[in-house]
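Student: Okay, here's the prediction I keep looking at, along with the sequence it came from:
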Amino acid sequence: MKFIPHDYQSYAIDYIERKPISAVLLDMGLGKTVITLTALNDLLFDSFEVHRVLIIAPLRVARQTWSDEIAKWDHLSDLRYSIAVGTEKERIEALNAKADLYVINRENVQWLVENTRFDYDMVVVDELSSFKNHQAKRFRSLMKVRPRVKRIVGLTGTPTANGLMDLWAEFRILDMGERLGRFIGQYRSAYFRPDKMNGQIVYSYKPLPGAEERIYGRISDITISMKAADHLKMPELVSLRYPVRLSDGERKIYDAMREELILQIPGGEITAANAAALSGKLCQLTNGAIYDDEGTAKPVHDRKLDALEDIIESMNGKPLLVAYWFRHDLERIEARLHKLHIPFSRLDTETSIRRWNAGEIPVALIHPASAGHGLNLQSGGSTLVWFGLTWSLELYQQTVARLWRQGQSSNTVVIQHIVAEDTIDERILAALRRKDATQAALIEAVKANLRK
């Protein structure tokens, strides 16, 4: 297929070619892979500025997306690539093959650095946000070899999924600390103040007045941002809440767990040892079941299952994508669909994904962690229901973007959230909105001006 770039794609290609260091914040659906490959093709074969390129990506994306894009476009036909995923033997064979591009999944970065010769003069980090944790082994490993790399590109659509604190590690990978400081302590002191504390222990930080603008100013010379709505004709995105209400008895169970961190139920005792565990327990409970200390799911209510049944009925046969979070969500949803004799499938294989996109699956079940990156589902439907919510803005946005993207034939994409009223569900939605506001400010601050 002949590649005729949009103006924004030409701008981004030129930006990557001109900048030895670049953070390219491309919204989902803007074609970040073909943009990057076109720039790599030019750097390899036109200007001869690089010779061996390492691409680090999520596993599904590493295994399939980059190679699919190379095969798709005529102008990339000379690019030789090798995919280093799978067993250690398979990875070693792939890395020893003659190629221009070597693609590896992010989980094997530590292995790559510690066990192979690192002689890549350019690195592309697909989903830069997966390097937001400066204590993670993948971050530490990549930092060891970062001085050997003369060109680097960070790609993501969600740079601040959990707030501005994420940016330090992401940009430390890119510029080795030139803009936001070499140490996380410097970054915190310069732009944040302690927020939630217990004595001398700080649990969270809050940006100082004007910190966001100062941070954006520091990184603006190596960062461009583009939003899909600015450059593509996107379908309308409609976000709805489908409220459900717990009964008095179910409310008592919920309140007991929340307030006392312990819940006595027939057959066992469930405990929540800390706030994170409590959050997980409350999320389980609002979805309708809860795991006891032996790992057995104990049913509590069917409120969300009843709501899901109503939504499916209202679809009148139109395809519906359902996002679940807990294993017991999946099991209970499947049991209800079996009872109703409604055909369904999990989207966990290439075959099931093809069937969904061919319109053969009325109800498809998907987990956000497997839907986050490199998955095109827009051909199969235009309605997504969140049965169980996630705290992760990145997973949330990426899952929504499987339907709300270029190529969606419907004029409207509908996102339904089944929300248990006056529960942690409402807090999660509010938190996602706050995180999105922070990210939106970053996106806006460094948005590329194509007129320049």
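Tutor: Received the coordinates, thanks.
Student: D221: neighbouring residues, count only.
Tutor: Other residues within reach of D221, judged by other CB atoms under 10 Å, total 12. (Glycine included, C-beta is placed from N, CA and C.)
Student: Ignore what I typed, I meant D7.
Tutor: What D7 shows, counting by other CB under 10 Å, is a neighbour count of 10.
Student: what do you get for E69?
Tutor: Neighbour tally, E69, other CB under 10 Å: 20.
Student: For it, which three-state class applies?
Tutor: helix (DSSP: H, G, I helix; E, B strand; the rest coil).
Student: In the stretch 151-300 of the chain, mark out all the strands, start to finish.
Tutor: For the stretch 151-300 of the chain, strands defined by DSSP state E, counting those that start in this stretch occupy the ranges 151-156, 192-194, 197-198, 201-202, 205-207, 223-226, 236-244, 262-265, 268-271, 289-291, 297-299.
Student: need those strands in TSV with distance to N115 and mean pLDDT, can you?
Tutor: TSV is the format used below for those (distance: least, CB to CB, whole Å; pLDDT from 0 to 100):
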stretch	distance to N115	mean pLDDT
strand 151-156	22	96
strand 192-194	37	91
strand 197-198	42	77
strand 201-202	37	82
strand 205-207	36	89
strand 223-226	33	91
strand 236-244	45	91
strand 262-265	47	52
strand 268-271	41	53
strand 289-291	38	92
strand 297-299	41	92
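Student: Next, format those as JSON lines and append distance to S409.
Tutor: Putting the strands of the stretch 151-300 of the chain into JSON lines (distance: least, CB to CB, whole Å) gives the following:
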{"stretch": "strand 151-156", "distance to S409": "27"}
{"stretch": "strand 192-194", "distance to S409": "45"}
{"stretch": "strand 197-198", "distance to S409": "51"}
{"stretch": "strand 201-202", "distance to S409": "49"}
{"stretch": "strand 205-207", "distance to S409": "41"}
{"stretch": "strand 223-226", "distance to S409": "23"}
{"stretch": "strand 236-244", "distance to S409": "13"}
{"stretch": "strand 262-265", "distance to S409": "47"}
{"stretch": "strand 268-271", "distance to S409": "46"}
{"stretch": "strand 289-291", "distance to S409": "36"}
{"stretch": "strand 297-299", "distance to S409": "38"}
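Student: Which of those sits closest to L384?
Tutor: Among these, the nearest to L384 by CB to CB is strand 236-244 (10.0 Å).
Student: Packing partners of the helix ranked longest in the chain?
Tutor: With secondary structure taken from DSSP state H, the chain has its longest helix at helix 424-445. With contacts taken as 3 or more CB pairs under 8 Å, 6 or more residues apart in numbering; DSSP states H and E, helix 424-445 sits against helix 211-219, strand 223-226, helix 275-287, helix 393-400, strand 412-420.
Student: can you rerun that using 6 Å?
Tutor: helix 275-287, helix 393-400 (3 or more CB pairs under 6 Å, 6 or more residues apart in numbering; DSSP states H and E).
Student: picking up where we left off before, got TSV for the strands of the stretch 151-300 of the chain, with distance to G280 and mean neighbour count too?
Tutor: Below are the strands of the stretch 151-300 of the chain laid out as TSV (distance: least, CB to CB, whole Å; neighbours: other CB atoms under 10 Å):
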stretch	distance to G280	mean neighbour count
strand 151-156	26	24
strand 192-194	26	15
strand 197-198	21	8
strand 201-202	22	11
strand 205-207	23	16
strand 223-226	33	23
strand 236-244	20	14
strand 262-265	13	15
strand 268-271	11	14
strand 289-291	9	21
strand 297-299	13	15
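Student: Looking at these, spot the one closest to Y15.
Tutor: strand 223-226 (5.4 Å).
Student: Going by contacts, tell me the helices and strands next to that closest one.
Tutor: strand 21-26.
Student: so where is the stretch 201-350 of the chain shaky, pLDDT-wise?
Tutor: For the stretch 201-350 of the chain, the stretches with pLDDT under 70 are 261-276.
Student: Using a markdown table, please lay out the helices and strands packed on helix 424-445 together with mean neighbour count.
Tutor: Shown next, in a markdown table, are the helices and strands packed on helix 424-445 (neighbours: other CB atoms under 10 Å):
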| stretch | mean neighbour count |
| --- | --- |
| helix 275-287 | 19 |
| helix 393-400 | 23 |
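Student: Which one, of these, ends up nearest to E17?
Tutor: The closest of the helices and strands packed on helix 424-445 to E17 is helix 393-400. By CB to CB, the value is 27.1 Å.
Student: With only the CA atoms kept, save the closest one in PDB.
Tutor: Output of helix 393-400 as PDB, limited to C-alpha atoms (Å, rounded to 0.1, in the frame of the first residue of the first chain):
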ATOM      1  CA  LEU A 393      -6.000   5.800  33.300                       C
ATOM      2  CA  GLU A 394      -3.600   4.300  30.700                       C
ATOM      3  CA  LEU A 395      -5.500   1.000  30.600                       C
ATOM      4  CA  TYR A 396      -8.800   2.800  30.600                       C
ATOM      5  CA  GLN A 397      -7.900   5.100  27.700                       C
ATOM      6  CA  GLN A 398      -6.200   2.400  25.700                       C
ATOM      7  CA  THR A 399      -9.200   0.100  26.100                       C
ATOM      8  CA  VAL A 400     -11.600   2.800  25.000                       C
END
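Student: Cheers, nothing more for now.
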